[in-house]
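*Asks:* Build me a model:
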Amino acid sequence: MKQCLMRGLLASALGCAVLFGEANAQATEASLGASLQGLLSYAREHNPELAARSLEAEANRERVEPAGALPDPRFQLEMMDFTNTVSGGGASLLPGAVGQTRYRIIQSVPFWGKRGLRSGVAEALAEQSARVADRTALEIEARIKTAYVRYYQADGQSAILGETLALLDGLSRLVETRYSVGLVPQQDAIRAHSELTALKIERVEAERRRRDAVAKLNTQLPRRADAPLDAPTRLPDVPAQLDLAALFERARSLSPSLARERLGADAAAKSRELVYLNRYPDFGVSLTNSRPQSGTDSWDLMLEVNIPLQQSSRRAQEREAGRRVDAARSQVAAAEARLNGQLGEVHAALEANVDKARLLRGTLLPQALANFDAAMAGYESGRVNFNTLIEAERQILRARLALLDADAEIHISLAELELLVGAPL
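*Replies:* Predicted coordinates for the structure are as follows:
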């Protein structure tokens, strides 16, 4: 009867661990903490870092229109013969009371194409800022996902240790009963209590990790470090299969980091074109209204052009602009190579943890359970000692914790892949 009771307790505890979170999948999600999506939605609305990047991107976009606008016109007021020497009057600084007053409006006009290129450079830089905001949003989401996984892991470790404590408490009562009738030595009872104490210490440490995970998760939202969070219910589903080549192709088209480097190259190319246009002159147009103190008003039209005489200086600027274009394109190639390597590393870690979790769930954990059943039966019949039974129980605990750790590492790798790719998987 006792053996059946112990096996039933172990099977119940094991089922809770293997299916941790799945039993609550249909439960009503609480306000904050139970659902990863709820945490992400909260961060999108309240995270100041994300708000700052978004506002910076909006501010930089407002630079596009001014970059391509004409310069402001200038107004000149010219008072000729303000001493009134010709007319014989006294000196004056009032328009109309001098020999001649001229009102002039001057408008500078850049060479054709320069305004469009200036707008293009400003737009590329604004888009760069927008991609920085996108990257920041992805980084914040990745940090929240990682913190949530660690919270789920710490909460699961505490639950597993609690279930193991209940199992070991049952074993301890069994040992005490057998010791009271002289079937086992006193060392078995001492060892059982020692194991209980050791597990309690491990659970205290697991609770510390849980509180630490809560604080780190709240920091990313952001909230007070000690703000309460509901228990995590489940981790997101894992994609069936992820092809590395397909991931890299998606990253090339979606990654904000790569897009930012490409926009930098685009801005450098437009800047180079703008430097080449500096070989050609800019213009100025002025309209002047001349009003003599006595006489008829007249109008003057003037055109001016600057002379691009310093050609050696312009050639140096053109060479500089060309080098910057080459450097920007090299940065794009370096970013793609770096991204390819990072994807390969994270993908390898993901595949290894998937294989590890499969072996733990499908092979090691059932073997540990069978070993415990055999050890329990052998201990009750006197064929094995208590140390063998405790080691069998420890093997189950290690397998369950290792499975939880492997599942956590899988989801952390997924969060890293999503950050690199630039989109959910």
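
*Asks:* What distance do you get for residue 135 to residue 414?
*Replies:* From residue 135 across to residue 414, the span is 18 Å (CB to CB, to the nearest Å). All C-beta spots, glycine's among them, are computed from the backbone N, C-alpha and C.

*Asks:* With neighbour numbers in mind, choose between the two.
*Replies:* When neighbours are counted by other CB atoms under 10 Å, residue 135 and residue 414 differ, and residue 414 comes out ahead with 23 against 18.

*Asks:* Pull the number of nearby residues for residue 327.
*Replies:* Neighbour count of residue 327, defined by other CB under 10 Å: 12.

*Asks:* Need the per-residue pLDDT for the closest residue to it other than its chain neighbours.
*Replies:* Using CB to CB, 6 or more residues apart in numbering and skipping residues adjacent in sequence, the residue nearest residue 327 is residue 268, 7.7 Å away. pLDDT recorded at residue 268 is 96.

*Asks:* The one 4 residues further on too?
*Replies:* The per-residue pLDDT reported for residue 272 equals 96.

*Asks:* Work out for me the element it sits within.
*Replies:* helix 256-277 (DSSP states H and E).

*Asks:* Quick one: name whatever helix or strand follows that helix.
*Replies:* Past helix 256-277, the next helix or strand by DSSP H and E is strand 283-292.

*Asks:* From what I see, residue 54 and residue 133 are in contact.
*Replies:* Yes - assessed by CB atoms under 8 Å, residue 54 is found in contact with residue 133 at 5.2 Å.

*Asks:* For residue 222, which residues are in contact?
*Replies:* 46, 47, 48 (CB atoms under 8 Å, 6 or more residues apart in numbering).

*Asks:* Just the buried subset of those residues, please.
*Replies:* residue 47 (16 or more other CB atoms under 10 Å).

*Asks:* tell me the SS of residue 82?
*Replies:* coil (DSSP: H, G, I helix; E, B strand; the rest coil).

*Asks:* how about the nearest residue to it, chain neighbours excluded?
*Replies:* Of all residues beyond its chain neighbours, the one nearest residue 82 is residue 98 (4.4 Å), with distances taken as CB to CB, 6+ apart.

*Asks:* Can you give me the distance of that neighbour to residue 324?
*Replies:* In terms of CB to CB, residue 98 sits 53 Å off from residue 324.

*Asks:* got a pLDDT number for residue 187?
*Replies:* 82.

*Asks:* Let me know how buried it is, in neighbour terms.
*Replies:* 13.

*Asks:* Quick one: name whatever helix or strand follows whichever strand or helix holds it.
*Replies:* Secondary structure assignment for residue 187, by DSSP H and E: helix 186-220. Moving toward the C-terminus from helix 186-220, the next helix or strand (DSSP H and E) is helix 244-254.

*Asks:* outside of that following helix, which residues touch it?
*Replies:* 258, 336, 339, 340, 343, 344, 347, 417, 420, 421, 422, 423.

*Asks:* which of the residues in that helix are buried?
*Replies:* 244, 247, 248, 250, 251, 252.
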